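In: from the sequence below, what's the structure:
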Amino acid sequence: MKGLVLTVAFVLASSAAFADSCKIEAGNKKLAGAAMNSFMKKCETDAAASCDKAAAEKKLAGAAKTSFTTKCVKDAVGS
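Out: Numbers count the residues shown, from 1 in each chain. You can find the predicted model right below:
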């Protein structure tokens, strides 16, 4: 039960961190060119790390982990 509570808390926290997609955030900041590319790479890297952590907390492995992480990163980046 404690693990479930921690997982739910983490998912909510990571959802808040990526409430706006990276593309929306870059647009709001009016980034273009190299600045936008740099921002998008960092944002995607941060999203991947957060999604990997969430997958580990859910104890996902193999295809389930890959599928979860891919969707999570796409949602965060805004692709």
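In: quick one: contacts of the helix or strand hosting K71?
Out: K71 belongs to helix 62-77 when assigned by DSSP states H and E. For helix 62-77, contacts defined as Cβ atoms under 8 Å, 6 or more residues apart in numbering pick out 18, 21-23, 40, 43-44, 47-48, 50-52, 54-55, 58, 60. (C-beta placed from N, C-alpha, C; glycine too.)
In: mind giving me the ChimeraX select for those residues, buried ones only?
Out: A single ChimeraX command is used to select the members of the contacts of helix 62-77 judged buried by 16 or more other Cβ atoms under 10 Å:
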select :18,21,22,40,43,44,47,48,50,51,52,54,55,60
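In: what pLDDT does G78 get?
Out: You'll see G78 listed with a pLDDT of 86.
In: next one: K29
Out: Reported pLDDT for K29: 93.
In: that one against M40, yeah?
Out: No - contact criterion Cβ atoms under 8 Å: K29 and M40 do not qualify, at 11.2 Å.
In: which ones among the contacts of helix 62-77 lie within helices?
Out: With helices defined by DSSP state H, the entries of the contacts of helix 62-77 inside them are C22, K23, M40, C43, E44, A47, A48, S50, C51, D52, A54, A55.
In: any chance of a markdown table for those residues, columns distance to C72?
Out: Formatted as a markdown table, the ones in helices among the contacts of helix 62-77 follow (distance: Cβ to Cβ, whole Å):
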| residue | distance to C72 |
| --- | --- |
| C22 | 13 |
| K23 | 16 |
| M40 | 16 |
| C43 | 13 |
| E44 | 11 |
| A47 | 7 |
| A48 | 8 |
| S50 | 8 |
| C51 | 4 |
| D52 | 9 |
| A54 | 7 |
| A55 | 8 |
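In: now for those: which two are most distant?
Out: Largest separation among these by Cβ to Cβ: K23 and A55, giving 22.7 Å.
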